[in-house]
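Novice: Sequence first, predicted coordinates after that:
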Amino acid sequence: MFDSVGGVSAPSSWINGRPAVTHGDTHRVINPATGEAITELNLATAADVDAAVAAARAAGPGWASSTPVERATVLAKLAAVMTVNSDALVAEEVAQTGKPVRLAAEFDVPGSIDNVEFFAGAARHLEGKATAEYSADHTSSIRREAAGVVATITPWNYPLQMAVWKVLPALAAGCTVVIKPSELTPLTTLTLARLAAEAGLPDGVLNVVTGRGDDVGTALAGHPDVDLVTFTGSTTVGRKVMAAAAVHGHRTQLELGGKAPLVVFDDADVDAAIQGAVAAAIINSGQDCTAATRAIVARDLYDDFVAGVGEVMRSVVVGDPLDPTTDIGPLISAAHRARVSSIVNRAPAQGGRIVTGASTPDLPGYFYRPTLIADVAETAEAYRDEIFGPVLTVRPFTDDDDALRQANDTAYGLAASAWTRDVYRAQRASREIKAGCVWINDHIPIISEMPHGGFGASGFGKDMSAYSLEEYLTIKHVMSDITRAADKDWHRIIFAKR
């Protein structure tokens, strides 16, 4: 047995308030920066999913009937406990994902804690429509009630953040949760469950089952005793999750892939656009569904933009994630690096010009250099398909209509950005670009108070913000007679004689 990064053997799952012994296949969690195992565990099985769902179902009535202030108190305590343990969370996140320590320490972990703090406050603001008379004989009111047992499946690119984005609004709304993290990166999700118990979350309210998608994920999404299924991941897998959930008519919320355009108009600050494009393309090694992947640049600025992006990319430090000077870490696995590389290698045959990158440094692990592909055709695979690596494609546009047409020429609709000094251009871009988030003169920032989510092949529903609470609540209309009359006026449409 390997020791986890925290020095204690990692449990494979967390069920009903305690580590669970599971009996699935033995699995090693690999540090993608070294290719070496950091822990070993037995994966969950369908039987473990049954146990986790049963625990969540049993805990549901008690948690749903707790007052908003009681839920808020536990969630605020969780934020405090996470803060105390932030160094350990950073260490686990870096070890299992290979992301640079600066990214984990300044974005992933503090951003997750901030999200917990936000939902601790939001738990006390679950308001319904005020009681009123909408008919002469009745008073109506609206109740907002917890949806029930939430099954959630999260990806490997931002393990802690994605867990928090899904779990916290559900808990704030009074739901109970069974979460399946990726088996590639389960450690911080398991730690989150342990810290939640330490903060006073009742047993069974949050359960974790670590397993593969094709067995444990399918069993969870299609489980008859869950009420709602949420998923973050690829569009292909998301459609399978939705199909499994549809068997029992479960509600679904899906945050799927993206192919975000970065539109640079001819009046843009080109230096800012260059810097922003590289930062947004290589964040988390490009393993980000909102990453800038399609730069669409005014022809007058095109050559300067391509040259500038290439220069900045060549200066990016690729290396040891624990070195604070490192800018970009590895991709998640050898298989994923091979996929990214194969798409890039096919680009020249489809008209693309490799400006920089398209190579692997002489390092252990699964590193890949930041890559710029210029002059791509609109039909090129690298331009149309989600690569999920540090790869930016770029092509020119002729006028504003052409720029916005190209921005929307995709099945995805998650995120986009527009770079311009003209307020009217910015307003037009924000109106006409079909994406759940449109940044102006920036690309990638998120904040707990604002929603995240898209449409089309990028899914539907929202994470973060008060808007996400709607995903985990049901609306109940309560209508009360105020007349005391046994013979109601509307009965005349039923009885011929009164």
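Specialist: The structure has been received and is ready for your questions.

Novice: State the distance from Phe305 to Asp269.
Specialist: For Phe305, the distance to Asp269 equals 11 Å [Cβ to Cβ, to the nearest Å]. To be clear about C-beta, it is placed using only N, CA and C from the backbone, and glycine gets the same treatment.

Novice: Show me whatever sits in contact with both of those two.
Specialist: Common contacts of Phe305 and Asp269 (Cβ atoms under 8 Å, 6 or more residues apart in numbering): none found.

Novice: more crowded one of these two?
Specialist: Between Phe305 and Asp269, counting by other Cβ atoms under 10 Å, Phe305 is the more crowded of the two (24 against 14).

Novice: surely the more buried one meets Ala272?
Specialist: No: counting by Cβ atoms under 8 Å, Phe305 stays clear of Ala272, with 11.2 Å between them.

Novice: measure stretch 464-475 end to end?
Specialist: End-to-end distance for stretch 464-475, by Cα to Cα, to the nearest Å: 20 Å.

Novice: burial of Thr185, as a residue count?
Specialist: 28.

Novice: residue contacts, it?
Specialist: Thr185 touches 29, 96-97, 156, 159, 332, counting by Cβ under 8 Å, 6+ apart.

Novice: Point out where this structure drops to low pLDDT.
Specialist: Scanning the chain with the threshold set as pLDDT under 70 gives 1-10, 498.

Novice: can I see the domain layout of it?
Specialist: 13-256+454-477, 260-440 (the TED database).

Novice: Turn the ones you listed into a markdown table, including distance to Trp490.
Specialist: Shown next, in a markdown table, are the domains of the chain (distance: least, Cβ to Cβ, whole Å):
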| stretch | distance to Trp490 |
| --- | --- |
| domain 13-256+454-477 | 8 |
| domain 260-440 | 43 |
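
Novice: ok, what's across the strand from Val177?
Specialist: On the basis of DSSP bridges, Val177 is bridged to Val150, Leu206.

Novice: ok, it to Thr185 distance?
Specialist: The gap separating Val177 from Thr185 is 18 Å, by Cβ to Cβ.

Novice: which SSE is Val478 in?
Specialist: strand 473-481 (DSSP states H and E).

Novice: Just list what that strand packs against, helices and strands only.
Specialist: For strand 473-481, the packing partners by 3 or more Cβ pairs under 8 Å, 6 or more residues apart in numbering; DSSP states H and E come out as strand 138-146.

Novice: Next, the buried residues of the strand it packs on.
Specialist: Within strand 138-146, the residues scored as buried using 16 or more other Cβ atoms under 10 Å are 144, 146.

Novice: please renumber so the chain begins at 42
Specialist: Got it, the first residue is 42 from now on, which makes the last one we talked about strand 179-187.

Novice: partners of it, with directions?
Specialist: By DSSP bridges, strand 179-187 pairs with strand 173-176 (antiparallel), strand 514-522 (antiparallel).

Novice: what does the strand holding Val519 contact?
Specialist: Counting by Cβ under 8 Å, 6+ apart, residues outside strand 514-522 touching it are 167, 169, 176, 178-188, 214, 529.

Novice: Of those, which pair is most distant in space?
Specialist: Ala214 and Lys529 (35.4 Å; Cβ to Cβ).

Novice: who's more crowded, these two?
Specialist: Ala214 (27 against 12).

Novice: what's the distance between the more buried one and Gly189?
Specialist: From Ala214 across to Gly189, the span is 10 Å (Cβ to Cβ).

Novice: list residues touching both of the two?
Specialist: Going by Cβ under 8 Å, 6+ apart, no residue sits against Ala214 while also sitting against Gly189.

Novice: Tell me how far the strand holding Val519 lies from the chain's centre.
Specialist: Chain-centre distance of strand 514-522: 32 Å, with Cα atoms, centre = their mean, to the nearest Å.

Novice: What residues of that strand count as buried?
Specialist: Applying 16+ other Cβ under 10 Å to strand 514-522 flags Leu514 as buried.

Novice: Ok, stretch 152-172 next?
Specialist: For stretch 152-172, by 16+ other Cβ under 10 Å, it's 152-154, 156-161, 163-164, 167.

Novice: what's the answer for stretch 418-429, then?
Specialist: Quick answer for stretch 418-429 (16+ other Cβ under 10 Å): 421-425, 427-429.

Novice: Point out the one among the strands paired with strand 179-187 that comes closest to Leu116.
Specialist: strand 514-522 (16.2 Å).

Novice: ok now stretch 326-342, how far from the chain's centre?
Specialist: On Cα atoms, centre = their mean, the centre of stretch 326-342 falls 19 Å from that of its chain.

Novice: CA atoms only: put it into PDB for me.
Specialist: What follows is stretch 326-342, C-alpha atoms only, in PDB (Å, rounded to 0.1, in the frame of the first residue of the first chain):
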ATOM      1  CA  SER A 326      -2.400  23.200 -19.100                       C
ATOM      2  CA  GLY A 327      -5.400  24.100 -21.200                       C
ATOM      3  CA  GLN A 328      -7.500  21.500 -19.400                       C
ATOM      4  CA  ASP A 329     -10.300  23.900 -18.900                       C
ATOM      5  CA  CYS A 330     -13.700  24.000 -20.600                       C
ATOM      6  CA  THR A 331     -13.700  27.800 -20.700                       C
ATOM      7  CA  ALA A 332     -10.100  28.100 -22.000                       C
ATOM      8  CA  ALA A 333      -9.500  30.300 -25.000                       C
ATOM      9  CA  THR A 334      -9.100  27.900 -27.900                       C
ATOM     10  CA  ARG A 335     -10.200  29.900 -31.000                       C
ATOM     11  CA  ALA A 336      -8.600  33.300 -31.400                       C
ATOM     12  CA  ILE A 337     -10.500  35.200 -34.100                       C
ATOM     13  CA  VAL A 338      -8.500  38.300 -35.000                       C
ATOM     14  CA  ALA A 339      -9.000  41.400 -37.100                       C
ATOM     15  CA  ARG A 340      -6.900  41.100 -40.300                       C
ATOM     16  CA  ASP A 341      -5.000  44.400 -39.600                       C
ATOM     17  CA  LEU A 342      -3.800  43.000 -36.200                       C
END
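
Novice: Kindly list the longest helix within this protein.
Specialist: helix 87-106 (DSSP state H).

Novice: buried sites along the following helix or strand past that one?
Specialist: Next along the chain after helix 87-106, taking DSSP H and E as the criterion, comes helix 109-125. Under the neighbour-count criterion of 16+ other Cβ under 10 Å, helix 109-125 has 112-123 buried.

Novice: got the angle for helix 109-125 vs helix 87-106?
Specialist: 120 degrees (axes from the mean of the first three to the mean of the last three Cα atoms, to 10 degrees).

Novice: what's helix 109-125 in contact with?
Specialist: 104, 130, 150, 153-154, 157-158, 160-162, 164-167, 209, 212-213, 215, 233, 236-237, 239-242.

Novice: In the sheet, which residues pair with the closest residue to His179 other than its chain neighbours? Tell me.
Specialist: Among residues not flanking His179 along the chain, Met520 sits closest, at 5.0 Å (Cβ to Cβ, 6 or more residues apart in numbering). Beta-bridge partners for Met520, by DSSP bridges, are Ser181.
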